[in-house]
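>>> fold the following and give me the result.
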Amino acid sequence: HVTYLDSPVRRVLSIVPEMYDEIWTAAKGFYKVEPVVADGGEVILYAPHITEIASSHREIYDIGYHCRDYFVKQWDRFSHIHWGVLQQARNNYAYG
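Alright, predicted model coming up:
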């Protein structure tokens, strides 16, 4: 089900299905709508059922979610973290 828009939108409410039980996987609610969001816009993930950030990647609890530049500018601090974890920490960063 695809709906084409004439222009980007400023805000999207993404309702995350209950099959996603942690933010790590629920981020699909962001990935799927991000292409229609205008520069400077925001995506709101609505997922009241989620209580877990990432059960398989506990490092996220320590490093948090941040933009790419946060990690790059402090590379000495984060170079020991697996790149896949850093990618997810960046991807799941809440832009707004």
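>>> do a quick rundown of the strands in the chain.
Ranges of strands in the chain, per DSSP state E, are 9-15, 37-46.
>>> of the ones you listed, which shows the lowest average pLDDT?
Mean pLDDT is lowest for strand 37-46 out of the strands of the chain, coming in at a mean of 91.
>>> could you pull out the helices for the protein?
In the chain, the helices defined using DSSP state H lie at 23-26, 28-31, 59-63, 68-72, 75-78, 83-91.
>>> and Val16, how far from Pro48?
9 Å (C-beta to C-beta, to the nearest Å). In short, each C-beta sits where N, CA and C put it, glycine included.
>>> higher neighbour count, these two?
Val16 (20 against 7; other C-beta atoms under 10 Å).
>>> hmm, Ala47 and the more buried one touching each other?
Yes. The pair Val16 / Ala47 is scored as a contact, 3.7 Å apart, by C-beta atoms under 8 Å.
>>> what touches both of these two?
Counting by C-beta atoms under 8 Å, 6 or more residues apart in numbering, the common neighbours of Val16 and Ala47 are 26, 29.
>>> skip the chain neighbours and tell me the closest residue to Val9.
Val36 (5.8 Å; C-beta to C-beta, 6 or more residues apart in numbering).
>>> what residues are up against that neighbour?
5, 8-9, 12.
>>> coming back round to it: can I get the helices of the chain in JSON lines including mean neighbour count and distance to Gly40?
Formatted as JSON lines, these follow (neighbours: other C-beta atoms under 10 Å; distance: least, C-beta to C-beta, whole Å):
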{"stretch": "helix 23-26", "mean neighbour count": "20", "distance to Gly40": "23"}
{"stretch": "helix 28-31", "mean neighbour count": "18", "distance to Gly40": "16"}
{"stretch": "helix 59-63", "mean neighbour count": "14", "distance to Gly40": "25"}
{"stretch": "helix 68-72", "mean neighbour count": "14", "distance to Gly40": "16"}
{"stretch": "helix 75-78", "mean neighbour count": "11", "distance to Gly40": "27"}
{"stretch": "helix 83-91", "mean neighbour count": "16", "distance to Gly40": "18"}
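>>> format those helices as JSON lines; extra columns: distance to Glu52 and mean pLDDT.
Below are the helices of the chain laid out as JSON lines (distance: least, C-beta to C-beta, whole Å; pLDDT from 0 to 100):
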{"stretch": "helix 23-26", "distance to Glu52": "7", "mean pLDDT": "80"}
{"stretch": "helix 28-31", "distance to Glu52": "15", "mean pLDDT": "85"}
{"stretch": "helix 59-63", "distance to Glu52": "10", "mean pLDDT": "80"}
{"stretch": "helix 68-72", "distance to Glu52": "22", "mean pLDDT": "86"}
{"stretch": "helix 75-78", "distance to Glu52": "22", "mean pLDDT": "92"}
{"stretch": "helix 83-91", "distance to Glu52": "14", "mean pLDDT": "75"}
